[in-house]
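Novice: Okay, here's the prediction I keep looking at, along with the sequence it came from:
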Amino acid sequence: MMGHKGLFLVLVLIGTGWGLTQPLTKLAVSTGHGQFGLIFWQQVIMVSVLGAAMLVTGRGLPRDRGSLVAYGVIAMVGTILPNSASYRAAAHLPAGVMSILLSLIPMLAFPVALMLGIERFRWARLGGLGFGLAAVLLLVVPEASLPDPQMVPWVGVALVAGVAYAFEGNFVARWGTGKADAIQTIFGASLVGAFIALPLMMGSGQWIDLSTGLGTPEWALILSSLVHAVVYASYVWLVGRAGPVFAVQCSYIVTLSGVLWAMLLLTESYSPFIWSALGLMLLGLSLVQPKPKAALDAIAAMGETTEKT
């Protein structure tokens, strides 16, 4: 079983990779590519990469009821819905702001977990949710916060992605992925996602012809999809190995690295209100999620249980 340090290293790599996808998404939508065309090719690339990994490792695709349900739920709630919202919002919002908004996921996951009976009520976590909402208000209320006041409605669109991911994370934690492992789950969900995105893309006239040449947006889409395939499968693996509470701590790293990647790759700069919102969001995350020692104790207990069985 992987040790504590190994799990934290995986956590850091997942967060850093996921943070990189935000500025890459911004580049991918920079020339007007529609969300369904981007989602379709993202799913095709992920199916190709993960399918190759499954062939090399001799994995098949489980078709038990639990796995099939997981493929469908993750495809819709974890891909089509949030990615549609994210691609639409990314065309109008700075990539760093998108990273800050996505850090709301564990805060939004808390009330969903309460409804499903996965978590018990704690005032500290409610306070964390409050700090997260305060951060959103700090982004949208002051006129000098965002570069353009016309961006404010797109903050709401971006939040749709966070809500969807919160439901997806709780679904995986509550009902699992059947007999499918992390790679099989994301492969199956990507396959379903591609079939869903194809008619949406063609019906909306958002076909992206990659055979005519690859510019910066197309390369950004390809790189983002490759990174997404690796970190998404790794995240599902980490949820299964260390638990959802430990895994969602990558939100800290996603948020910080997303802002830093955007500054490095897109030369974005932010108002004091946005930096303050980032601080409030990180404070909220610290209240919503357990302390590292508590998470490690939980992992140690899981390891002892595994060794005894």
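Specialist: Received it, and whenever you're ready, just let me know what you need.
Novice: Excluding chain neighbours, what is closest to residue 67?
Specialist: Nearest non-adjacent residue to residue 67, counting by CB to CB, 6 or more residues apart in numbering: residue 178, 3.3 Å away. Using the backbone N, CA and C atoms, a C-beta is placed for each residue, glycine as well.
Novice: ok now do that neighbour, which residues does it touch?
Specialist: Shown in contact with residue 178 (CB atoms under 8 Å, 6 or more residues apart in numbering): 62, 64-70.
Novice: per-residue confidence at residue 39?
Specialist: Per-residue pLDDT puts residue 39 at 95.
Novice: I figured residue 89 was touching residue 162, is that so?
Specialist: No: assessed by CB atoms under 8 Å, residue 89 is found out of contact with residue 162, at 10.7 Å.
Novice: What sits closest to residue 286 if chain neighbours are left out?
Specialist: In space, residue 286 is closest to residue 128, 7.2 Å off (CB to CB, 6+ apart).
Novice: Now do the SS call for the residue nearest to residue 70 when sequence neighbours are not counted.
Specialist: Once flanking residues are discounted, residue 70 sits nearest to residue 177: 4.1 Å by CB to CB, 6+ apart. Residue 177 falls in the coil class when you classify it by DSSP: H, G, I helix; E, B strand; the rest coil.
Novice: thinking residue 177 is in contact with residue 183, fair?
Specialist: No: contact between residue 177 and residue 183 fails when scored by CB under 8 Å: they sit 10.8 Å apart.
Novice: name the helices or strands packed onto the helix ranked longest in the chain?
Specialist: When the chain is parsed with DSSP state H, its longest helix is helix 216-242. Counting contacts by 3 or more CB pairs under 8 Å, 6 or more residues apart in numbering; DSSP states H and E, helix 216-242 is packed against helix 4-28, helix 35-57, helix 152-175, helix 182-203, helix 244-247, helix 292-308.
Novice: out of the ones you listed, nearest to residue 256?
Specialist: Closest to residue 256 of the helices and strands packed on helix 216-242, according to CB to CB: helix 4-28, at 7.2 Å.
Novice: Now that closest one: average pLDDT?
Specialist: Rounded mean pLDDT across helix 4-28 is 88.
Novice: Report the buried residues of it.
Specialist: The neighbour-count check on helix 4-28 (16 or more other CB atoms under 10 Å) flags 7-8, 10-11, 14-28 as buried.
Novice: Just give the number of residues close to residue 206.
Specialist: Residue neighbour count, defined by other CB atoms under 10 Å, stands at 18 for residue 206.
Novice: Actually, residue 60.
Specialist: With other CB under 10 Å as criterion, residue 60 counts 8.
Novice: Quick one: residues contacting it.
Specialist: Each residue near residue 60 by CB under 8 Å, 6+ apart is listed here: 54, 184.
Novice: mind running it again at 10 Å?
Specialist: Going by CB atoms under 10 Å, 6 or more residues apart in numbering, residue 60 touches 54, 180, 184.
Novice: Likewise for residue 195?
Specialist: Counting by CB under 10 Å, 6+ apart, residue 195 touches 40, 43, 75.
Novice: repeat that for 8 Å
Specialist: Counting by CB under 8 Å, 6+ apart, residue 195 has no contacts.
Novice: That one and residue 66, how far apart?
Specialist: As judged by CB to CB, to the nearest Å, residue 195 and residue 66 stand 20 Å apart.
Novice: Contact partners for the residue lying closest to residue 57 once chain neighbours are set aside?
Specialist: Leaving aside its sequence neighbours, residue 57 sits nearest to residue 183 (CB to CB, 6+ apart; 7.8 Å). Contacts for residue 183 (CB under 8 Å, 6+ apart) come out as 50, 53-54, 57, 59, 233.
Novice: By neighbours, which of these wins?
Specialist: Counting by other CB under 10 Å, top hit in these: residue 50 with 25 neighbours.
Novice: State whether that one and residue 185 are indeed in contact, as I suppose.
Specialist: No: in this structure residue 50 lies outside contact range of residue 185 using CB under 8 Å: 9.5 Å.
Novice: Now do the shared contacts for those two.
Specialist: Overlap of the contact sets of residue 50 and residue 185 (by CB under 8 Å, 6+ apart) consists of residue 233.
Novice: Looking at pLDDT only, which of the contacts of residue 183 scores worst?
Specialist: Minimum pLDDT across those is recorded for residue 233, with 75.
Novice: Number of residues surrounding the closest residue in space to residue 176 that isn't next to it in sequence?
Specialist: The spatially closest residue to residue 176, leaving aside those adjacent along the chain, is residue 66, at 6.5 Å (CB to CB, 6+ apart). A count of neighbours around residue 66, defined by other CB under 10 Å, yields 14.
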